[in-house]
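Asker: below is the sequence, then the predicted model.
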Amino acid sequence: MTFIIPCLLASVSTDTLQKNGLRWKHGNHQLICSRWLSRNNRSPCPALASIRGGDSVLPPNLNENASSLNPPDFKIQSLLLRAEELLSQKDTNGAFALLAEAYPLDPTSSKIASMFQTCMEINVSLVQDRFNKWRSANENQDFTAEELTNLFQDRMGLASLFIDREQYDEAGIQLQSAIEEASSWLNHALNESYHDHELPDLTNTPFQSWQPQIDQARYLLYRTNAACCKWSSYFQDGEKLRQSLDKTLPSGHVIRLLHPFDALKFPCVGIELASKIAESYAHRALDSVGASFGLDSKETYLQQRRVVTAVRSQNSNGSKQSQRKVRIGYLSPDFTSKHPLAFLMQHVFRFHDKTRFEIFIYSLSSENGDEGPEVNSIRESSDCFTYLSTSGKTPVQLYQRFLEDHVDIIVDLCGYAGSSIVAEIMASRCKLQQDIGSSQSNIRFPRHVAYMGFPGSMGSSKIWDYSIFDKHVVPPSLRNYYSGALVFMPHSYFVNSHKTVIGGPENGVMLANKNERRAMRLRYSIHPSAFVFCCHSRPDKIDPTTFKAWMKALHIAREEYRKSGVNDDALPVLWLLRSGNEMEQNLRSLAKNEFGSDMENALVFADIAERNEHLKRLGCADIFLDTPSYGAHTLGCDALYMGVPMISLYHSGKASNDERMKQAAISTEKLASIVGRSLLFAASCDELVVPDMNAYENLMIKCATDIKWFTKVRERLILSRSHSPLFDTDRWVKNLEVAFLMMDTVDLNDAPDIIVTEETH
């Protein structure tokens, strides 16, 4: 239900949504401006006024049972019963107003969602009938711009409801219809054509305000099709999206069109454009707190960049003793037992050297009663754990807590990953410096560090001074696409707590023996002796080029097994994560149509599972397949720690727009695409990093057919768990502390890149 909150209640302010514990769904916080709530001149609903005023306008059966209901439940039922009555009369405006009143009382109610859907379906049906008559030109009647707006917004609202339920085909129908109807009407308005579904050029026309709305529908259609692996026009639609972004970026409409996270995820957006999108969000954060943009120092900085090396001594575990303790603050809304960040970092803070550092945790989570083991571990290992309530406070006021605590370095663990409030808090330093000027130049503002939450350029060296990466995810050829100074960690930048949290087989999370592995495989309909290729990443991370390469390699491997006399039920399979029935049907159809009828049965699907089940069942796989467009990060760590090797693509160089259109290559220029490379190098499995998709296919085949070689690879991975830099959290923290000590003393006007190295003997 979280998806429809912003879609349907778009006129409710972001602050109001945040106060109720709601967060952006990757930038869709005001995706759809529903016509009921956006219409300022709508008269109050009489039924709603009656309920608010306490008049008994309810059916007798509810009045009779009122004593058995608590006040919130009674109010919800009152609102819903009256809304049902209004819907039966096709009074959708009145019904919607009642549902908008009921929604905050029970945001998870499937009945409220269903009634919202009924409202919009009634309106679409009525208005679509008028539109079809108008377009047929059989009747001499007008179809007004207001009617078109209402029809368009209703379809967008329906699409969001269907997406929330993983009914992607239904969502796609609504979005495609919205685009075609708007294009047809606009063509008629400009060219007197009723039947052209292609959007005309709206530049310098009275209808140019429609462009961002249609761009938004196209983007949502692209995203919806990606979620269910419907790829018939994947690259063509991606190119249209890229062209829209190129046009809208200067106008600022890109804020509504594409979130920075999706810019990292979709292959149609290159690293340069993704960095610009992040920059536009940084500008919005500065603007929201009243700070001037000024001239970001990115271009001049790149011309003058210095690089320094910080060496960690093996004897002293760091540089020489500081005169004072450095105060490090970690800021995130994701310190909850439900979020991967807390799972990954729950044992990180305990390894800080408390003789040299004080650790302050600032949680923006609304779940301040969370007593999960992750949160308790983070709380216990900090010197000060603070819930920062955003209720009634501006970002600038929240930032002042860092000044009161005299924090030296504040680490933003969110970036653009969640609510806008985090970026706005970080932007507040600029506002305070701007207001104070030189009158209080003795105030020492914290250094700002971006880490973990957003795997890309933050887009502003004014807000974030440093970002923490490594040489594998930011190679020298791509350094200039990243704003601010960078810290290069010596192994992988990606930290985890797997060794101390999961431990070994004795802790019950790993598969204990072959019998348990066999039983779990059977539970997931996998033959005990089959070779299992696995990808449990979200389906929207998979692209058609990669999937076809997987299927080609799988087909060859299965044929090799057949030649050796293996029964069909024990042939290699590809194990995927399910995202609705439509996704499964689309992939099975593609496998059957392009690779033969037996390949349909080579696919096995699993539903999302709770964390321990997810980790344990990963051990049933033989090899994990990384997704090049947006790779496995937490999931990559999970697979490697459970002893499952991973194949990952690193295609050096940038892919041109023409190459993307021709499906010649999935570029791995963006950081989010090559985290797998970083993980594999740190785990001493760099032979599993491949340079192109042909090599990817060949390595898949080798893993499945050269069992002697593959067994050695897997055994080496399992044996390395105890000493691998990837799972040595203590070592990782000590290396980070060397960077902290250096950045604490540098002049931020000339902040150098910091390369952390370990002293060797």
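Answerer: That came through, no problem.

Asker: all contacts plus neighbour counts: C-alpha atoms, from now on.
Answerer: Will do.

Asker: residue 731: how many residues sit nearby?
Answerer: Neighbourhood size, residue 731 [other C-alpha atoms under 10 Å]: 14.

Asker: what about it, distance to residue 563?
Answerer: For residue 731, the distance to residue 563 equals 48 Å [C-alpha to C-alpha, to the nearest Å].

Asker: before we move on, what about residue 147?
Answerer: With C-alpha to C-alpha as the criterion, residue 147 and residue 563 are 64 Å apart.

Asker: again with residue 579
Answerer: From residue 579 across to residue 563, the span is 34 Å (C-alpha to C-alpha).

Asker: quick one, which of those two is more surrounded?
Answerer: With neighbours defined as other C-alpha under 10 Å, residue 579 and residue 563 compare such that residue 579 has more, 21 against 9.

Asker: now do the same for residue 487: helix, strand or coil?
Answerer: What DSSP: H, G, I helix; E, B strand; the rest coil gives for residue 487 is strand.

Asker: whoops, residue 647 was the one
Answerer: Here residue 647 takes the strand state, with states given by three-state DSSP.

Asker: name the helices or strands packed onto the top helix by length along the chain?
Answerer: As assigned by DSSP state H, the longest helix anywhere in the chain is helix 110-136. Where contact means 3 or more C-alpha pairs under 8 Å, 6 or more residues apart in numbering; DSSP states H and E, helix 110-136 is packed against helix 71-88, helix 92-102, helix 145-164.

Asker: rerun at 7 Å
Answerer: Helix 110-136 makes packing contacts with helix 92-102, helix 145-164 when contacts are defined by 3 or more C-alpha pairs under 7 Å, 6 or more residues apart in numbering; DSSP states H and E.

Asker: from the chain's centroid, how far away is the last one?
Answerer: Going by C-alpha atoms, centre = their mean, to the nearest Å, the spacing between the C-alpha centre of helix 145-164 and its chain's C-alpha centre is 24 Å.

Asker: in it, what's buried?
Answerer: Using 16 or more other C-alpha atoms under 10 Å as the test for burial, helix 145-164 gives 148-164.

Asker: tell me which strands and helices that helix is in contact with?
Answerer: helix 4-8, helix 110-136, helix 168-191.

Asker: would CSV of those with distance to residue 594 and mean neighbour count be doable?
Answerer: Conversion of those to CSV gives the following (distance: least, C-alpha to C-alpha, whole Å; neighbours: other C-alpha atoms under 10 Å):
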stretch, distance to residue 594, mean neighbour count
helix 4-8, 37, 26
helix 110-136, 37, 17
helix 168-191, 22, 21
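
Asker: among the ones you listed, which is nearest residue 459?
Answerer: Proximity to residue 459 (C-alpha to C-alpha) singles out helix 4-8 among the helices and strands packed on helix 145-164, at 25.7 Å.

Asker: which residues of the stretch 501-650 of the chain score low on pLDDT?
Answerer: In the predicted model of the stretch 501-650 of the chain, no residue satisfies pLDDT under 70.

Asker: what is the burial count for residue 324?
Answerer: For residue 324, using other C-alpha under 10 Å, the count is 9.

Asker: got the contact list for residue 705?
Answerer: residue 557 (C-alpha atoms under 7 Å, 6 or more residues apart in numbering).

Asker: any idea how far it is from residue 711?
Answerer: Distance from residue 705 to residue 711, by C-alpha to C-alpha: 11 Å.

Asker: just residue 479 next, same as before
Answerer: From residue 479 to residue 711 the distance is 37 Å (C-alpha to C-alpha).

Asker: cool, residue 162 as well?
Answerer: Distance, residue 162 to residue 711, by C-alpha to C-alpha: 45 Å.

Asker: so what's the gap between stretch 365-380 and the chain middle?
Answerer: Its chain's C-alpha centre and that of stretch 365-380 lie 22 Å apart, by C-alpha atoms, centre = their mean.

Asker: now do the same end-to-end measure for stretch 351-360.
Answerer: 14 Å.

Asker: off-centre distance for it?
Answerer: Computed by C-alpha atoms, centre = their mean, the chain-centroid distance of stretch 351-360 equals 31 Å.

Asker: give me the low-pLDDT residue ranges for the protein?
Answerer: Within the chain, the stretches with pLDDT under 70 are 1-71, 137-141, 192-197, 251-256, 293-304, 314-322, 367, 438-441, 653-665, 761.

Asker: ok, 50 please
Answerer: 1-67, 297-301, 318-319, 660-661, 663-664 (pLDDT under 50).

Asker: can I get the strand or helix carrying residue 329 as PDB, trimmed to CA atoms?
Answerer: For residue 329, the host element (DSSP states H and E) is strand 326-332. Presented in PDB, the C-alpha positions along strand 326-332 are these (Å, rounded to 0.1, in the frame of the first residue of the first chain):
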ATOM      1  CA  VAL A 326      37.400  12.800  16.900                       C
ATOM      2  CA  ARG A 327      33.600  12.800  17.100                       C
ATOM      3  CA  ILE A 328      32.000  10.900  14.300                       C
ATOM      4  CA  GLY A 329      28.200  11.100  13.600                       C
ATOM      5  CA  TYR A 330      26.300   8.600  11.500                       C
ATOM      6  CA  LEU A 331      23.000   9.800  10.100                       C
ATOM      7  CA  SER A 332      20.300   7.600   8.600                       C
END
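
Asker: list the neighbouring strands of it plus their orientation.
Answerer: strand 357-363 (parallel), strand 409-412 (parallel) (DSSP bridges).

Asker: endpoint to endpoint, stretch 636-649 covers what distance?
Answerer: Taking C-alpha to C-alpha, stretch 636-649 runs 13 Å from one end to the other.

Asker: er, stretch 223-233 I mean
Answerer: 12 Å.

Asker: buried by neighbour count: which residues of it qualify?
Answerer: Buried residues in stretch 223-233 (16+ other C-alpha under 10 Å): 223-231.

Asker: quick one: which of those is nearest residue 615?
Answerer: Nearest member of these to residue 615, counting by C-alpha to C-alpha, is residue 227, at 23.1 Å.

Asker: let me know the secondary structure of the closest residue to residue 526 other than its chain neighbours.
Answerer: Nearest in space to residue 526, with sequence neighbours left out and distances taken as C-alpha to C-alpha, 6 or more residues apart in numbering, is residue 604 at 7.6 Å. Under three-state DSSP, the three-state class of residue 604 is strand.

Asker: all strands for the stretch 351-500 of the chain, in order.
Answerer: Assigned by DSSP state E, counting those that start in this stretch, the strands in the stretch 351-500 of the chain fall at 357-363, 384-387, 409-412, 447-450, 466-470, 485-489.
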